[in-house]
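S.K.: dropping a prediction and its sequence here:
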Amino acid sequence: MTDRHCHPSFQQPDLPPATAPIPSYPHSVEPELGHRSQLHPLFQELTDGLSELTFANLFLFRHRHSYRFSTLQDGRLAVLGKDSGGPFFILPFGLPDHEHLARLFAEQRMMKCITTAQSTALAELGYRVTADRDNFDYLYRRQDLASLTGRNYHKKRNLVKAFVSTHNYSARPLREEYRADALSVLDQWREGSGYQGDYEAAREALMTMEALQLCGGIYYVESQPVAYVLGEELAGGTTFAIHFEKAVPGYKGLYQFINQSFASILPEDYSCINREQDLGEPGLRQAKLSYLPAGFVEKYMAVASITS
């Protein structure tokens, strides 16, 4: 598998215009593929590297979080959402003036996906800001994951060696002609895991990967597809985010193998790999920490102060 399919110099795909333009707040519209040509270039300019703040991520998880797009008076995008905690909003491109910010807090209650810089500004304005540790993104040096050198990676290397020595494997760029194989992996992953997880978003990602400019790799044992990885660049092109990593059950060392293999074929343009958050799940947190992250992309939440 070569790295050309994951090179950062993609060309913009030709997409039809959005059927519903983004209206002015408080009106809103559900994200659709046609909004990509307008918004993707803006998201590409963001350098904080929050895994949620890409057009693809917002589009693919629009149903899970009830995402909607709205335009503020100053022209900035507001992302409105709703989950088990109630309504919330995200401001990917900066804070509006105090009056409009106060209106958003009054009507949407909570702000999420707040960057470190935004958290400082919000605290100075009197909003109650807290760290959202369960949603911190895990950052790894690409070279660390590719080489797995050092005593601390001893167990990972052994698992990779066990897989490589046991199976006749091959790897290919995840292109359209291999979509059916990736969908087979995804279905077997859901059946083996016994829960839905991000299945719907992962399936749609495979169906729209060309339009969204997602790239990745697919892995085979003999002629059978057994795993795939799919993601995109962020943080100004310095980082590659792994949005989806799926494998069929029954292959010892498979996840460790694809983790190392994919890191090794990524272009050197990407100094870091963002493997997203652990969502507060103890097992997932332990697994992500075991790969010795170089750091985190910190995120915060904010609500209006009780005394404000």
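M.R.: Everything's here; your move.
S.K.: in the chain, where's the longest strand?
M.R.: strand 224-234 (DSSP state E).
S.K.: please, where are all the strands along the stretch 201-308 of the chain?
M.R.: Taking DSSP state E, counting those that start in this stretch, the strands of the stretch 201-308 of the chain run over residues 215-221, 224-234, 239-247, 272-274, 295-297, 300-303.
S.K.: what about the longest strand of the chain, average pLDDT?
M.R.: Confidence over strand 224-234, taken as the mean pLDDT, stands at 97.
S.K.: for it, packing partners?
M.R.: The elements that strand 224-234 packs onto, with contact taken as 3 or more C-beta pairs under 8 Å, 6 or more residues apart in numbering; DSSP states H and E, are helix 179-193, helix 199-207, strand 215-221, strand 239-247, helix 254-265. For every residue, glycine as well, the C-beta is placed using N, CA and C.
S.K.: the inter-axis angle of the fourth one versus strand 215-221?
M.R.: Here strand 239-247 runs at 30 degrees with respect to strand 215-221, directions being taken by axes from the mean of the first three to the mean of the last three C-alpha atoms, to 10 degrees.
S.K.: gap between strand 239-247 and the chain center?
M.R.: Taking C-alpha atoms, centre = their mean, to the nearest Å, the mean C-alpha location of strand 239-247 is offset from the chain mean by 7 Å.
S.K.: sheet-wise, list the partners of that strand with their directions.
M.R.: Taking DSSP bridges as the criterion, strand 239-247 pairs within the sheet with strand 224-234 (antiparallel), strand 272-274 (parallel).
S.K.: could you dump those strands to a markdown table with mean neighbour count and distance to P23?
M.R.: Formatted as a markdown table, the strands paired with strand 239-247 follow (neighbours: other C-beta atoms under 10 Å; distance: least, C-beta to C-beta, whole Å):
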| stretch | mean neighbour count | distance to P23 |
| --- | --- | --- |
| strand 224-234 | 24 | 27 |
| strand 272-274 | 25 | 32 |
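S.K.: make CSV out of those and add distance to T130.
M.R.: Listed next are these as CSV, based on distance: least, C-beta to C-beta, whole Å:
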stretch, distance to T130
strand 224-234, 24
strand 272-274, 22
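S.K.: can you spell out the domain ranges of the chain, please?
M.R.: Structural domains annotated on the chain: 14-136, 137-296, as defined by automatic domain parsing.
S.K.: of those, which is nearest V303?
M.R.: Among the domains of the chain, the nearest to V303 by C-beta to C-beta is domain 14-136 (5.2 Å).
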